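Trainee: here are the coordinates; sequence isn't available:
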Ligand SMILES: NC(=O)c1ccc[n+]([C@@H]2O[C@H](COP(=O)([O-])OP(=O)(O)OC[C@H]3O[C@@H](n4cnc5c(N)ncnc54)[C@H](O)[C@@H]3O)[C@@H](O)[C@H]2O)c1
């Protein structure tokens, strides 16, 4: 299947940077546009990418030419001259985006706003993918249709065709290292969109699994309650931080303890996912740990903010 010639990655946090990197280095997409509402994130993210590429070169995994070409295919989109909140989407459309991977913060209102803007501004055959960890793809597809304006209903032919282009393409952290991509069709996703999403993920060097559009999909419906339970163990004093992590590492062979893993994912992201599980199922077994909420209130978001359960 033909790969897109131009993709856009929205959000230059830890996931967006990783996705842009594998799209350029592995899938060799000729143009990878990178947008973040906070330009400092793009600068910081590209510096980090340069370090990863330099390490690959020094270890002989890729050539210097390859590293240079990888970076040249990535183009940052500057939001500072924007005329309105979603001006960037016009630019992504004008530059010929054929597939979007949205990797902005895990909040429904943020993602819905982005999908409305994308549907309004991109060509009507572009694939609109989200890297969300837990939010309903069906809901984001509905938001995309709303972006076409009041005259287009979600159940009309135009509405169904627009929603049919929305799909979940869930990479794992760190993207260049983790071998999996979970693809999630919403209720409206077309077969053609699903196949294009799978082909893109495979070209990025990933094995592909499919999950139904349920809160957390397969991956986080399993992982996040486990991390939440570990935080509850810490909260109730069952064991210390180090003993909780050591138990899972040395007793169960996990490469990383659950509290360290939560720090790596980002505690704000963990809380958002757990809330989606709780609200999406209304099952009390998914209630987020109070300590997790307090850590986020404190701005202790894990590795990305320098402090979480551990100091970085
Ligand atoms: N962290 C993980 O382990 C992990 C794994 C798989 C999927 N995800 C998902 O990937 C997405 C991003 O997670 P992350 O860990 O990279 O988060 P992050 O906090 O590192 O980065 C999020 C980025 O989104 C940007 N952003 C916020 N609102 C925006 C908007 N309206 N337009 C453009 N950019 C905007 C922020 O400036 C930030 O740079 C989330 O949906 C998350 O659930 C995360």
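Mentor: Received, thanks. For clarity, every value in this text was computed on a predicted model and none was experimentally measured.
Trainee: out of everything not next to it in sequence, what's closest to the one residue sitting closest to the centre of the chain?
Mentor: By Cα atoms, centre = their mean, the chain has its centre lying nearest to residue 131, at 3.2 Å. Closest residue to residue 131 apart from its sequence neighbours, by Cβ to Cβ, 6 or more residues apart in numbering: residue 103 at 4.2 Å. Bear in mind the C-beta positions are built from the backbone N, C-alpha and C, glycine included.
Trainee: check contacts around residue 291.
Mentor: Residues counted as contacts of residue 291 (Cβ atoms under 8 Å, 6 or more residues apart in numbering) are 231, 232, 234, 235.
Trainee: so where do the strands sit in this protein?
Mentor: 6-10, 31-35, 74-76, 99-102, 127-130, 166-171, 180-185, 207-210 (DSSP state E).
Trainee: in the shortest one, which of the residues would be classed as buried?
Mentor: Which is strand 74-76. Of all the residues in strand 74-76, those buried under the rule 16 or more other Cβ atoms under 10 Å are 74, 76.
Trainee: and that strand, anywhere near the ligand?
Mentor: No: figure legend: strand 74-76 not in contact with the ligand (Cβ under 6 Å from any ligand atom); closest approach 12.3 Å.
Trainee: each with direction, which strands does that strand pair with?
Mentor: Partners of strand 74-76 in the sheet, by DSSP bridges, are strand 31-35 (parallel).
Trainee: quick revisit: these two touch, right, the residue nearest to the centre of the chain and residue 167?
Mentor: No: in this structure, residue 131 is not within contact of residue 167 by Cβ atoms under 8 Å, at 10.8 Å.
Trainee: just the angle for the helix or strand of the chain with the lowest mean pLDDT relative to strand 6-10, thanks.
Mentor: Ranking every helix and strand in the chain by mean pLDDT, DSSP states H and E puts helix 87-94 at the bottom, with a mean of 95. Orientation of helix 87-94 against strand 6-10 (axes from the mean of the first three to the mean of the last three Cα atoms, to 10 degrees) gives an angle of 170 degrees.
Trainee: report the distance from stretch 48-60 to the chain centre.
Mentor: 23 Å (Cα atoms, centre = their mean, to the nearest Å).
Trainee: is that stretch in proximity to the ligand?
Mentor: No: using Cβ under 6 Å from any ligand atom, stretch 48-60 never reaches the ligand; the gap is at least 10.9 Å.
Trainee: which stretches in the stretch 101-250 of the chain count as helices?
Mentor: For the stretch 101-250 of the chain, the helices defined by DSSP state H, counting those that start in this stretch cover 108-121, 137-146, 157-163, 191-203, 217-235, 241-246.
Trainee: now the ones you listed in a markdown table, with distance to residue 266?
Mentor: Output for those, formatted as a markdown table (distance: least, Cβ to Cβ, whole Å):
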| stretch | distance to residue 266 |
| --- | --- |
| helix 108-121 | 15 |
| helix 137-146 | 20 |
| helix 157-163 | 29 |
| helix 191-203 | 22 |
| helix 217-235 | 12 |
| helix 241-246 | 17 |
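Trainee: reformat those helices as CSV; add distance to residue 175 and mean neighbour count.
Mentor: Output for these, formatted as CSV (distance: least, Cβ to Cβ, whole Å; neighbours: other Cβ atoms under 10 Å):
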stretch, distance to residue 175, mean neighbour count
helix 108-121, 19, 20
helix 137-146, 19, 23
helix 157-163, 27, 18
helix 191-203, 11, 19
helix 217-235, 14, 19
helix 241-246, 23, 16
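Trainee: out of those helices, the one nearest the ligand is which?
Mentor: With Cβ to the nearest ligand atom, the closest approach to the ligand among the helices of the stretch 101-250 of the chain belongs to helix 108-121: 4.7 Å.
Trainee: so which elements touch that closest one?
Mentor: For helix 108-121, the contact count by 3 or more Cβ pairs under 8 Å, 6 or more residues apart in numbering; DSSP states H and E identifies helix 87-94, strand 99-102, strand 127-130, helix 137-146 as packing neighbours.
Trainee: pLDDT weak spots in the chain?
Mentor: Counting by pLDDT under 70, the chain contains low-confidence ranges at 79-83.
Trainee: run through the residues of it sitting next to the ligand.
Mentor: 10-16, 36-38, 41, 103-106, 110, 114, 131-133, 170, 172-173, 265-266, 269, 304.
Trainee: in this structure, which residue sits nearest the ligand?
Mentor: At 1.8 Å from the ligand, residue 13 is the closest residue in the chain, using Cβ to the nearest ligand atom.
Trainee: got phi/psi on the residue lying closest to residue 274 once chain neighbours are set aside?
Mentor: Counting by Cβ to Cβ, 6+ apart, residue 288 is the residue found nearest to residue 274 once chain neighbours are left out, at 4.2 Å. The phi and psi values for residue 288, taken as degrees, to the nearest 10, are phi -70, psi 150.
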